[in-house]
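Peer 1: here's a sequence, model it:
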Amino acid sequence: MAVTALVLRALGLGDLLTAVPALRALRRAGLRTVLAAPAWLGEVAALTGAVDRLLPTAGLGRIAWRGPVELAVNLHGKGPISHEQLLALGPRRLWAYAHPAVPVTGPGWDEDEHEVARWCRLLAWYGLRPDPEDLALPVPPGPRPAPGTVIVHPGGKDPARRWPPERFAAVARELRRRGHPVVVTGSAAERPLAAQVAATAGLPRDAVLAGRTPLRDLCALVAGARLLIAADTGVAHLATAYGTPSVVIFGPVPPSRWGPPPGRPRHRVLHRGPDPRAVTVEEVIAAATG
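Peer 2: Numbers count the residues shown, from 1 in each chain. Sure thing, here's the model as predicted:
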């Protein structure tokens, strides 16, 4: 019987997508993987082909696991809290980064490391062979909504990473003027923001897809899009996973930590320092049309 690895990665969409090479390394090693992550990520977790079961877990709350744990894997953070959450389950083994407050033997944490490389290095330390280029996802079966469109995604979980909505609107308006079909995406909570961007850009109401594309449909939408324009957010990692051209605005977190992996010219990164507002409308339009 295969050993079960309980993997903690109770974060967002981009966090899951950057951990795909590490998850697939666990699968190739013959491990059965249970992923402790938010329930809403279940469809994308299934698309990775590396998760046997998703255990709904919100952040660093209680991990609702019953029974023995042969191997716990911390892909959540550097500890100590995430380490302690897993150690509380009494695993026989814990794979994690070393932390002075927790008795774990593992490699040292590098704060400036790219997120994909970080988790690949952790598992390589324990003898696995992750491939950091192994980021692609299969397209969900079924029709692709709005194929060939330019996606403008103005939202994002972290306010510090957002680009002003009026600038997204200016970009959308110019791209539409040049003949490109444009849609505006986001979560249900971001629908008012998306509607504001669309109205300011002069887009029709049916161009607002925010709140109307469940995660599975969003995957299909990004996979069939002509271009994605977004700030540093989870949907940008979907563009990487599907090889969809993208223009991604960064700040305050540098792209060297969270951007598309190097050597992927289909993804254009704009970063002018810690404030994403330093990136201009003209720069985004040039990157989108150049």
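Peer 1: now do the helices in this structure.
Peer 2: 13-18, 20-28, 42-47, 81-87, 115-125, 165-177, 191-201, 215-223, 234-242, 255-258, 281-289 (DSSP state H).
Peer 1: most packed of those helices?
Peer 2: Sort these by mean neighbour count, taking mean count of other C-beta atoms under 10 Å, and helix 234-242 sits at the top with a mean of 25. To be clear about C-beta, it is placed using only N, CA and C from the backbone, and glycine gets the same treatment.
Peer 1: helices and strands around it, which ones?
Peer 2: helix 13-18, strand 150-153, helix 215-223, strand 227-231, strand 246-250 (3 or more C-beta pairs under 8 Å, 6 or more residues apart in numbering; DSSP states H and E).
Peer 1: would you tell me which of the helices of the chain gets closest to residue 35?
Peer 2: Closest to residue 35 of the helices of the chain, according to C-beta to C-beta: helix 42-47, at 5.6 Å.
Peer 1: any stretches of the stretch 101-250 of the chain with poor pLDDT?
Peer 2: Within the stretch 101-250 of the chain, no range satisfies pLDDT under 70.
Peer 1: that older thread, so which of the helices of the chain is nearest residue 95?
Peer 2: Between residue 95 and the helices of the chain, the tightest spacing by C-beta to C-beta is seen for helix 115-125, at 6.8 Å.
Peer 1: contacts for that closest one, please.
Peer 2: By C-beta atoms under 8 Å, 6 or more residues apart in numbering, the list of residues contacting helix 115-125 from outside reads 15, 18-19, 21-22, 25-26, 73, 75, 95-97, 106-107, 110, 113, 130-132, 135, 257-258, 261.
Peer 1: can we see that at 6 Å?
Peer 2: With contacts defined as C-beta atoms under 6 Å, 6 or more residues apart in numbering, helix 115-125 is touched by 18, 19, 21, 22, 25, 75, 107, 130, 132, 258.
Peer 1: for the residues you listed, which one is nearest residue 191?
Peer 2: residue 258 (25.4 Å).
Peer 1: contact partners for that closest one?
Peer 2: 115, 232 are the contacts of residue 258 under C-beta under 6 Å, 6+ apart.
Peer 1: same question, residue 111
Peer 2: Going by C-beta under 6 Å, 6+ apart, the list of residues near residue 111 is empty.
Peer 1: dihedrals phi and psi, it?
Peer 2: phi -60, psi -30 (degrees, to the nearest 10).
Peer 1: what's the domain layout of this structure?
Peer 2: Domain assignment for the chain by automatic domain parsing gives 4-125, 150-289.
Peer 1: rewinding a little: can I get the helices and strands packed on helix 234-242 in a markdown table including distance to residue 163?
Peer 2: Below are the helices and strands packed on helix 234-242 laid out as a markdown table (distance: least, C-beta to C-beta, whole Å):
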| stretch | distance to residue 163 |
| --- | --- |
| helix 13-18 | 16 |
| strand 150-153 | 10 |
| helix 215-223 | 18 |
| strand 227-231 | 5 |
| strand 246-250 | 5 |
